[in-house]
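Trainee: Structure, please.
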Amino acid sequence: MRGLFALVNNLYCIPAYVVWMMALRITRPLYAPLYWKLEGLMYHWLLAMVSLWTWTAGYEIIESGDEPAVCTSRRTLVIANHQSTADVPLLMSTWNPRPGVLSNLMWIMDRVFKFTNFGIVSVLHKDFFIQAGKARRDQSLEELREHIHRYYIPLGRQYMVLFPEGGFLHKRKEVSQRFAEKNNLPKLEYVSLPRAGAMKVIMEEVGPHREQASTSHADTKKDKNFNQNNERLLEVKSENSVEWILDVTIAYPDRVPLHLTDIVCGIRPACTTHVHYRLYPSSEVPSDTEGMTQWLYDRFIEKEKMLEEFYRTGQFPSKSNTPLVFRPVRQDNVRYLILHLFFIASTFIQIKFFCSLLGCFW
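Mentor: So this is what the prediction gives:
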């Protein structure tokens with residue numbers, strides 16, 4: 001029954017969002033900020049539907065660590081460990097009650113998600129699809145560089161979500177440990193060693209040391225403010241810089257990750273997932289490639305120690321001597337009801353409109 005509900009929920013929410021965006025597209029040439037404001041709002045409403053699946057299945061979330069409200073209205077790079085297909089829906093659920101987060105973020109996700117039911121939504125929202133594999137890695141990173149200037153900055157996005165491990169833990173763990181052994185790095189069990197390529201591009205383009213980083217960029221033949229078609233891109237001003245790095249550590253109960261099938265169908269018994277935050281000023285990240293890579297390695301080595309302690313003691317280590325404060329994430333059922341009514345009414349109105357339109361043609 002839950003699986004059927006999720007299917008029907010997709011059928012009356014995603015098409016309604018797409019049709020509204022197509023209808024509102026005429027406002028873009030006239031007043032683009034209004035279009036993107038409305039798009040961000042409806043994008044948040046759509047992600048709230050996903051958080052409803054998690055909430056109604058009894059999969060509760062508890063936050064701890066630094067308070068992310070510190071970076072509200074500030075450009076922030078979010079880095080998180082990646083264990084399963086449930087990571088993204090759980091982050092959606094975690095941030096759904098926080099105003100202005102989901103509507104103002106840009107996901108960096110594997111290109112395969114472009115061909116899922118949610119792909120059209122991400123395309124319209126201007127999320128970025130990164131291509132996996134060594135053959136396409138350099139090209140994909142250059143496309144990310146261009147995407148930042150073409151969409152992330154002009155659209156006023158504040159949050160950029162990156163999974164630096166580049167894949168699920170169970171797929172990356174063995175490769176990561178072999179790499180660690182060859183390079184005299186710690187062999188990690190709870191996370192894998194991250195890849196620094198995407199973060200390097202982000203920090204070069206919108207980091208606090210971007211001017212210094214850009215001078216060391218390998219391609220000096222082409223100005224960084226032009227794309228491959230020689231079209232001028234938006235120049236980065238100081239207020240467009242990423243100011244914070246929000247390090248997110250997701251800990252599933254008993255080291256067994258939830259999966260999307262659990263969230264959709266409620267297969268697994270109700271449980272609690274912990275989400276731990278650590279905030280770092282972006283100015284702490286070194287501008288040189290070697291230093292930045294080591295900084296990112298250090299964060300995931302920290303995650304390894306935090307997760308080890310969490311699974312041993314039931315809580316994350318605190319930065320200071322004060323005990324951690326646990327903050328349960330609470331959803332608003334009345335808001336969920338209103339959003340359902342909105343999408344159902346939208347679908348009804350749109351179907352009636354298209355039926356009357358077809359009737360005129362016939």
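
Trainee: C-alpha from now on. contacts and neighbour counts both.
Mentor: Noted.

Trainee: List the single closest residue to H259 in space, sequence neighbours excluded.
Mentor: A86 (4.6 Å; C-alpha to C-alpha, 6 or more residues apart in numbering).

Trainee: Thought V264 was touching that neighbour, still the case?
Mentor: No: contact criterion C-alpha atoms under 8 Å: A86 and V264 do not qualify, at 9.9 Å.

Trainee: neighbour count winner among these two?
Mentor: Just comparing A86 and V264: by other C-alpha atoms under 10 Å the higher neighbour count belongs to V264, 22 against 19.

Trainee: Specify the local secondary structure of that one.
Mentor: With DSSP: H, G, I helix; E, B strand; the rest coil as the basis, V264 sits in helix.

Trainee: and if you look at F129?
Mentor: At F129 the chain is in strand, as set by three-state DSSP.

Trainee: N184 now?
Mentor: Quick answer, by three-state DSSP: N184 is coil.

Trainee: same deal with R278?
Mentor: Put simply, R278 is strand when judged by three-state DSSP.

Trainee: Then P99?
Mentor: coil.

Trainee: circling back: what separates the residue nearest to H259 from D262, distance-wise?
Mentor: 8 Å (C-alpha to C-alpha, to the nearest Å).

Trainee: Report pLDDT for the residue nearest to H259.
Mentor: The model reports A86 with a pLDDT of 94.

Trainee: And for F163?
Mentor: For F163, pLDDT reads 95.

Trainee: just the one 4 residues further on next, same as before
Mentor: In the predicted model, G167 carries a pLDDT score of 88.

Trainee: do you know how far it is from I202?
Mentor: Counting by C-alpha to C-alpha, the gap from G167 to I202 is 19 Å.

Trainee: average pLDDT for stretch 134-144?
Mentor: On average, the pLDDT along stretch 134-144 is 85.

Trainee: Just the CA trace of it, in CSV.
Mentor: Provided in CSV are the C-alpha atoms of stretch 134-144 (Å, rounded to 0.1, in the frame of the first residue of the first chain):
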residue,chain,number,x,y,z
LYS,A,134,38.2,8.1,-15.4
ALA,A,135,37.5,8.6,-19.1
ARG,A,136,34.9,11.4,-18.5
ARG,A,137,36.1,12.7,-15.1
ASP,A,138,38.1,15.7,-16.5
GLN,A,139,35.4,16.7,-18.9
SER,A,140,32.8,16.5,-16.2
LEU,A,141,34.8,18.7,-13.8
GLU,A,142,35.1,21.3,-16.5
GLU,A,143,31.3,21.1,-17.0
LEU,A,144,30.9,21.7,-13.2
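
Trainee: buried stuff in that stretch?
Mentor: Along stretch 134-144, these residues count as buried under the neighbour rule (16 or more other C-alpha atoms under 10 Å): 140-141, 143-144.

Trainee: What is the nearest of those to S73?
Mentor: L144 (22.5 Å; C-alpha to C-alpha).

Trainee: packing partners for the one helix or strand the closest one maps to?
Mentor: Using DSSP states H and E, L144 falls within helix 134-147. The helices and strands touching helix 134-147, judged by 3 or more C-alpha pairs under 8 Å, 6 or more residues apart in numbering; DSSP states H and E, are strand 128-130, helix 197-206.

Trainee: show me where this structure has strands.
Mentor: Counting by DSSP state E, the chain has strands at residues 59-65, 76-80, 105-110, 128-130, 159-162, 244-251, 271-281, 327-328.

Trainee: W36 versus E243, what's the distance?
Mentor: Plainly put, E243 is 23 Å away from W36 if you go by C-alpha to C-alpha.

Trainee: In JSON lines, list the strands of the chain along with distance to H44 and mean neighbour count.
Mentor: Converted to JSON lines, the strands of the chain look like this (distance: least, C-alpha to C-alpha, whole Å; neighbours: other C-alpha atoms under 10 Å):
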{"stretch": "strand 59-65", "distance to H44": "19", "mean neighbour count": "20"}
{"stretch": "strand 76-80", "distance to H44": "18", "mean neighbour count": "23"}
{"stretch": "strand 105-110", "distance to H44": "10", "mean neighbour count": "20"}
{"stretch": "strand 128-130", "distance to H44": "17", "mean neighbour count": "22"}
{"stretch": "strand 159-162", "distance to H44": "13", "mean neighbour count": "22"}
{"stretch": "strand 244-251", "distance to H44": "20", "mean neighbour count": "22"}
{"stretch": "strand 271-281", "distance to H44": "20", "mean neighbour count": "18"}
{"stretch": "strand 327-328", "distance to H44": "20", "mean neighbour count": "14"}
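
Trainee: right, and those - which one's nearest L358?
Mentor: With C-alpha to C-alpha as the criterion, L358 lies closest to strand 128-130 of the strands of the chain, at 36.0 Å.

Trainee: I'd like the average pLDDT over the closest one.
Mentor: 91.

Trainee: Residues touching that strand, excluding its own?
Mentor: 106-111, 113-114, 122, 140-141, 144, 147 (C-alpha atoms under 8 Å, 6 or more residues apart in numbering).

Trainee: Then stretch 313-333?
Mentor: 55, 60-65, 94, 96-97, 276, 306-307, 309-310.
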